[in-house]
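> give me coordinates for this.
(4 chains)
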There are 2 protein chains.
Amino acid sequence: MVQPMKLPPLHQEFVLHFGEMGSRWGINRTVGQIYALLFLSSEALNADQITEALGISRSNTSMGLKELQAWRLVRLKHVPDDRKDHFTTPDDLWEIVRILIEERKKREIDPTLSKLRALEMQGPAGDDYSEARISELREMIEMMTDFYEDMARLETEKLVRLMTYGSRLAGLIDKVGGYLPSTKR
Amino acid sequence: MVQPMKLPPLHQEFVLHFGEMGSRWGINRTVGQIYALLFLSSEALNADQITEALGISRSNTSMGLKELQAWRLVRLKHVPDDRKDHFTTPDDLWEIVRILIEERKKREIDPTLSKLRALEMQGPAGDDYSEARISELREMIEMMTDFYEDMARLETEKLVRLMTYGSRLAGLIDKVGGYLPSTKR
DNA sequence: CAGAGCTTTCAGTAATTTCCGAAAGTTCAG
DNA sequence: CTGAACTTTCGGAAATTACTGAAAGCTCTG
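Have a look, this model is predicted:
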C-alpha cells in the first residue's frame, strides 16, 4: 500500500478485505478494492475519485474498471453537468448474484463443457474407463447448468420462497412422485 | 512444457485442458493436470507415475498432491505389496461436486461472512447506506449458504429428482403457498 | 538399529502477473 | 479546427507465484 486511503473506517476495512479476497475470487487486489468501494457508495464515483480514495495509479483504476465492466459488475452512469464517466454497482443483490454465477459459468465451466463435447465427438480414442468418465462428467455439468438456468428464470420473489423452503422441498417432490431418472448407469 | 507427456491422445488433451483452466479455477497448471490425470485413470497412480506422465519434477508432484489432498479432491489409497503411496479421485461425481462447493465456500465465502458480521458488530461506523448494504449482503449470503446446506443434506437420488424437476418447482411451491418472506425492506 | 526406499521441505531461479508513469487516443466546446 | 479535458494503451519495473534440484526427513525391512 503506497498511499494511505482516506476513507471512513468501515469502508476502509471492507475495501481492504475485498482486496485481500480478490485473489481467491479470481480478480486482483485493486479490482476487488474498486468493486468494494463502489458497492458501499451511494452515489456513482468517477475514476479520479476512485484513484484518490484507494491511493492507486490512474491507469490501474482504468484497467480495473474495464475488467469490472467486462464482468458486468460495474456500470457506467452519466451524471448531468459532468463530463467524466461515473461508475456504480447494480443495487439489486439478486441481480449481482445472477451476474456472478453467469460470468463464472462462462469463464470456468463453458470452455470445459465444449472441450468435453469435442472429446466425445472425436470418437473412441482412449480406454473405456476414461471415455465413460468424460461422458459422465459432461452429463453432470449439463444437469447442473440446466438446473441453474431453470432457477434463474424464476422471479426473485419465487426464488426466495423456494430457497427458504429448503429441505422441505424433498418431501414435496416425494408427494408428487413421478419422474425417476437413473443416477447410476 | 519441458518434457513431452506420454499419454494416449484423449488423456493428453484432457490433461492439457485442465492445466489451462487451472488458473481460472484458482489452482495452478500442474495441480490441474495432476487432477485430470487421476480423474481419467481407472487405477490409483503413485507419485512417480504422475511425475513421468506429466513431465514435471518430482517435488512439484508432491506439492500438487498435497494441495489436492487439502482440497479433499484426491485421496491416498494403499496398494497391496507396494510401499509407495497411490492416489485417486473419488469416483462418485456428486461427491466431487459437494466437496468442490464446500471447499470453495470455505475459502471464498466464509471469510467474508465473518468479516461482514464483525463489521456489523462494531456498531455504527459509517453512513446509513453502507451499513444497510453490508447487512443486506450478509443476509443474502446466509440465505444462499443455508439453502446449499439444506440441499447437501439430501440423498443424491432425491437431489437429482429435484434438479430435473427444474422450473416446475416454482409451481409446486405456489400450490403449497404459505411462507412469504419479505424480499425488500 | 542400519540403511534402502520413499516423501517432503527448502532456497534459489524462472515465469507470470500486477502496477505505474508516460505517451497516445478520444471527444467535445468554442 | 483547435485545444482542453478526459480516457486508454503500452513498455517496462516491481511484486507475486510456480517450479526445480538438492538436501533433509520418514518409515519400514531385515
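> is any part of stretch A:131-139 close to chain B?
Yes - using C-beta under 8 Å from any C-beta of the partner chain, stretch A:131-139 reaches chain B at A:131, A:133-134, A:136-137. Every residue, glycine included, has its C-beta placed from N, CA and C.
> among these, name the buried ones.
With neighbours counted by 16 or more other C-beta atoms under 10 Å in any protein chain shown, the residues of stretch A:131-139 next to chain B contain buried members at A:131, A:133-134, A:137.
> export the residues you listed to TSV and tack on distance to A:Gly22, secondary structure and pLDDT?
Formatted as TSV, those follow (distance: C-beta to C-beta, whole Å; DSSP: H, G, I helix; E, B strand; the rest coil; pLDDT from 0 to 100):
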residue	distance to A:Gly22	secondary structure	pLDDT
A:Glu131	39	helix	95
A:Arg133	34	helix	96
A:Ile134	33	helix	97
A:Leu137	29	helix	98
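> can you list the residues of stretch A:131-139 next to chain B in a markdown table and add distance to A:Gly64?
Output for the residues of stretch A:131-139 next to chain B, formatted as a markdown table (distance: C-beta to C-beta, whole Å):
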| residue | distance to A:Gly64 |
| --- | --- |
| A:Glu131 | 43 |
| A:Arg133 | 40 |
| A:Ile134 | 38 |
| A:Glu136 | 40 |
| A:Leu137 | 35 |
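> out of the residues you listed, who's nearest A:Val79?
Of all those, A:Val79 sits closest to A:Leu137, with 48.2 Å by C-beta to C-beta.
> in contact with the closest one, which residues?
Counting by C-beta atoms under 8 Å, 6 or more residues apart in numbering or on different chains, A:Leu137 makes contact with A:116, B:39, B:93.
> so which of those residues is the closest to B:Pro8?
Closest approach to B:Pro8 among the contacts of A:Leu137 (C-beta to C-beta): B:Phe39, at 14.2 Å.
> list the single closest residue to the closest one in space, sequence neighbours excluded.
Of all residues not flanking B:Phe39 in the chain, B:Thr89 sits nearest, at 5.0 Å (C-beta to C-beta, 6 or more residues apart in numbering or on different chains).
> and A:Asp92, by the same measure?
If the residues on either side of it in the chain are set aside, A:Asp92 comes closest to A:Thr156, at 7.9 Å by C-beta to C-beta, 6+ apart.
> quick check: pLDDT value at the one you found.
The model reports A:Thr156 with a pLDDT of 91.
> how many other residues sit next to it?
By other C-beta atoms under 10 Å in any protein chain shown, 15 other residues sit near A:Thr156.
> just to revisit the earlier point, save the contacts of A:Leu137 as TSV, and put in neighbour count too.
Output for the contacts of A:Leu137, formatted as TSV (neighbours: other C-beta atoms under 10 Å in any protein chain shown):
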residue	neighbour count
A:Leu116	20
B:Phe39	23
B:Leu93	18
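> ok, which of those also contact DNA strand D?
Near DNA strand D, taking C-beta under 7 Å from any atom of the strand as the test, no member of the contacts of A:Leu137 is found.
> lowest confidence element among the helices and strands of chain A?
The helix or strand of chain A with the poorest confidence is helix A:168-176; it has a mean of 70 (mean pLDDT, DSSP states H and E).
> counting contacts, what elements does that helix pack onto?
Judged by 3 or more C-beta pairs under 8 Å, 6 or more residues apart in numbering or on different chains; DSSP states H and E, helix A:168-176 is in contact with helix B:156-165, helix B:168-176.
> contacts for it?
Here helix A:168-176 makes contact (C-beta under 8 Å, 6+ apart) with A:162, A:165, B:150, B:154, B:158, B:161-162, B:165, B:169, B:172-173, B:176.
> kindly report the same for stretch A:24-35.
Residues outside stretch A:24-35 that contact it (C-beta under 8 Å, 6+ apart): A:15-16, A:18-23, A:50, A:54, A:56, A:60-61, A:64-65, A:67-68, A:71, A:73-74, A:89, A:107, B:24, B:26, B:107-108.
> try it again at 7 Å.
Identification of contacts with stretch A:24-35 by C-beta atoms under 7 Å, 6 or more residues apart in numbering or on different chains yields A:15, A:18-19, A:21-23, A:50, A:54, A:56, A:60-61, A:64-65, A:67-68, A:73-74, A:89, B:24, B:26, B:107-108.
> pull out the buried residues from the residues you listed.
By neighbour count, with 16+ other C-beta under 10 Å, the contacts of stretch A:24-35 hold A:15, A:18-19, A:21-22, A:50, A:54, A:56, A:60-61, A:64-65, A:67-68, A:73-74, A:89, B:26 as buried.
> which ones among those come in contact with DNA strand C?
Among these, the ones lying near DNA strand C by C-beta under 7 Å from any atom of the strand are A:56, A:60.
> chain A against DNA strand C: which residues are in contact?
Contacts of chain A with DNA strand C, taken as C-beta under 7 Å from any atom of the strand, map to A:2, A:23, A:28-31, A:56-60, A:63, A:83.
> using ChimeraX, define a selection of the buried residues within these.
Here is the ChimeraX command that selects the buried residues among these (16+ other C-beta under 10 Å):
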select /A:29,30,31,56,60,63
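> and which of the buried ones among the residues of stretch A:131-139 next to chain B is nearest chain B?
Nearest to chain B, judged by C-beta to the nearest C-beta, of these is A:Arg133 at 5.7 Å.
> wait, that closest one sits on B:Phe39?
Yes - counting by C-beta atoms under 7 Å, B:Phe39 is a contact partner of A:Arg133 at 6.5 Å.
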